[in-house]
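[1] missing the sequence, but the structure's below:
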């Protein structure tokens with residue numbers, strides 16, 4: 001689905017008092033954050049992220065969108081983005097945006113690490129379906145926000161009302177019974193809006209909350225903006241959201257749906273987006289014998305090929321991936337299961353991602369040895 005977004009318009013000048021703050025900050029090399037302890041001044045675009053008040057009780061309080069909020073038209077300074085390979089969440093569609101306080105910028109750390117966003121930044125992700133039954137209409141279910149405070153990232157989960165006019169803070173988690181049409185086939189599930197604790201399971205590193213999808217390797221592609229097509233990372237630089245210059249040879253994942261790419265790279269990219277945030281050092285599943293980041297899965301061992309599973313489920317599942325044999329491969333079993341005790345990922349899905357499972361099936365069947 002291709003989405004066109006309004007151009008990010010040029011911001012107005014800060015008032016003299018804010019210019020003084022900016023000049024003070026400019027004397028601090030490589031610092032783009034507003035110093036800890038000072039309030040973030042009102043943003044000239046009208047967006048409101050008051051770190052002493054967030055998370056707000058209503059999504060509209062942030063003023064991230066113009067017009068009818070359900071149309072998701074970003075306000076000035078709210079920039080859309082899109083990862084190369086998408087995270088699967090029960091076939092929900094997503095719109096993603098980033099916002100930073102005026103005068104601040106993110107920093108590139110490495111190809112495989114999340115961009116270092118300044119204090120006050122917000123990452124916004126809205127989940128919706130285009131063919132919700134019985135009306136066969138577009139309906140938004142939730143908007144998730146991550147906000148960076150001086151003490152670290154926080155979560156804010158907003159549940160949309162039936163009228164599609166507002167979304168309200170709900171950090172307790174809730175199930176929603178939904179039905180929709182997927183590729184011409186009616187489907188239904190008990191869709192889960194995560195609790196604060198559930199958010200933390202996937203979004204943590206060293207026991208601290210972090211974003212997932214804003215790594216250069218995920219953003220290094222062109223996106224169609226209202227003023228034309230542009231590489232997303234260069235767009236961030238051009239609008240003042242990212243310090244440049246950037247490396248010219250960024251290690252980049254591929255779109256797992258792009259059949260012109262190698263089967264192995266497509267699988268590695270899919271697992272990177274859907275699984276690697278847990279299967280890495282100091283994350284939720286770091287005890288399991290897999291490291292599924294794109295930068296690590298050139299090694300067959302990290303992919304789990306011919307690696308014994310850490311836990312016992314069934315005697316027939318002899319390795320995480322058994323070359324040429326899906327029925328003996330633990331990973332294939334877990335991706336094909338909807339049982340909470342067996343499925344992978346643990347959270348974020350209640351139905352099987354048939355396209356992802358088909359991709360893994362083709363990859364396993366293509367393998368002839370453990371290398």
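    Arrived safely, thanks for sending. These numbers come from a predicted model, not from an experiment. Numbering: from 1, shown residues only.
[2] use CA for all of it now, contacts and neighbours both
    Will do.
[3] Before we go further, residue 201 is sitting in a strand, right?
    No - using DSSP: H, G, I helix; E, B strand; the rest coil, the assignment for residue 201 is helix, not a strand.
[4] any idea how far residue 210 is from it?
    11 Å (Cα to Cα, to the nearest Å).
[5] Looking at those two, which one has more neighbours?
    Between residue 201 and residue 210, counting by other Cα atoms under 10 Å, residue 210 is the more crowded of the two (22 against 18).
[6] Tell me the buried residues in stretch 165-184?
    The neighbour-count check on stretch 165-184 (16 or more other Cα atoms under 10 Å) flags 166, 167, 168, 169, 170, 171, 179, 180, 181 as buried.
[7] likewise stretch 118-136?
    By neighbour count on 16+ other Cα under 10 Å, the buried set for stretch 118-136 is 118-129, 131-133.
[8] Then stretch 53-63?
    Neighbour-count burial for stretch 53-63 [16+ other Cα under 10 Å]: 54, 55, 56, 57, 58, 59, 60, 62, 63.
[9] Closest to residue 197 out of those residues?
    Using Cα to Cα, residue 55 comes nearest to residue 197 of those, at 15.7 Å.
[10] Does that closest one belong to a helix, a strand or coil?
    Recorded secondary structure, residue 55: coil (three-state DSSP).
[11] In this structure it contacts residue 156, no?
    Yes - between residue 55 and residue 156 there is a contact at 5.9 Å, judged by Cα atoms under 8 Å.
[12] can you list residues touching both of these two?
    Here residue 55 and residue 156 have residue 169 as joint contacts, going by Cα atoms under 8 Å, 6 or more residues apart in numbering.
[13] where's residue 225 relative to residue 232, distance?
    10 Å.
[14] Low-confidence bits of the chain, can you list those?
    The chain contains residues with pLDDT under 70 at 1-42, 44, 200, 202-207, 277-289.
[15] Just give me the residue closest to the centre of it.
    Compute the mean C-alpha point of the chain, and by Cα atoms, centre = their mean the closest residue is residue 213, 3.9 Å away.
[16] phi, psi of the closest residue to that residue other than its chain neighbours?
    Leaving aside its chain neighbours, residue 213 sits nearest to residue 83 (6.7 Å; criterion: Cα to Cα, 6 or more residues apart in numbering). Main-chain torsions, residue 83, degrees, to the nearest 10: phi -70, psi 160.
[17] Residue 83 and residue 233, how far apart?
    Applying Cα to Cα, the value for residue 83 to residue 233 is 11 Å.
[18] Now residue 361: which helix or strand?
    Secondary structure from DSSP states H and E places residue 361 in helix 354-366.
[19] counting contacts, what elements does that helix pack onto?
    Helix 354-366 sits against helix 263-274, helix 330-335, with contacts defined as 3 or more Cα pairs under 8 Å, 6 or more residues apart in numbering; DSSP states H and E.
[20] After the longest strand along the chain, which helix or strand is next?
    Of all segments of type strand in the chain, defined using DSSP state E, the longest is strand 137-149. Following strand 137-149 in sequence order, the next helix or strand is strand 152-160 (DSSP H and E).
[21] Mind listing the strands that following strand pairs with, and their directions?
    strand 137-149 (antiparallel), strand 167-169 (antiparallel) (DSSP bridges).
[22] Between residue 225 and residue 232, point out the one with more neighbours.
    Ranked by neighbour count (other Cα under 10 Å), residue 225 and residue 232 place residue 232 first, with 23 against 20.
[23] How many residues are close by residue 138?
    By other Cα under 10 Å, neighbour count at residue 138 equals 15.
[24] any idea what residue 302 is structurally, helix, strand or coil?
    Each residue gets one of three states, and residue 302 gets helix by three-state DSSP.
[25] is it true that it touches residue 291?
    Yes - between residue 302 and residue 291 there is a contact at 4.8 Å, judged by Cα under 8 Å.
[26] More neighbours: which of those two?
    The neighbour count for residue 302 versus residue 291, taken as other Cα under 10 Å, is higher for residue 291 (25 against 16).
[27] close enough to count as contact, that one and residue 272?
    No - using Cα under 8 Å, residue 291 makes no contact with residue 272, being 9.2 Å away.
[28] contacting residues for residue 174?
    Applying Cα under 8 Å, 6+ apart to residue 174 gives the contacts 192, 193, 194, 195.
[29] Now it: phi and psi?
    According to degrees, to the nearest 10, residue 174 has phi -160, psi 150.
[30] what sits opposite it in the beta ladder?
    Under the criterion DSSP bridges, residue 174 forms beta bridges with residue 193.
[31] so how far is residue 211 from it?
    22 Å.
[32] what's near enough to touch the spatially closest residue to residue 160 that is not a sequence neighbour?
    Of all residues not flanking residue 160 in the chain, residue 167 sits nearest, at 3.9 Å (Cα to Cα, 6+ apart). By Cα under 8 Å, 6+ apart, the residues touching residue 167 are 58, 59, 60, 142, 143, 158, 159, 160, 161.
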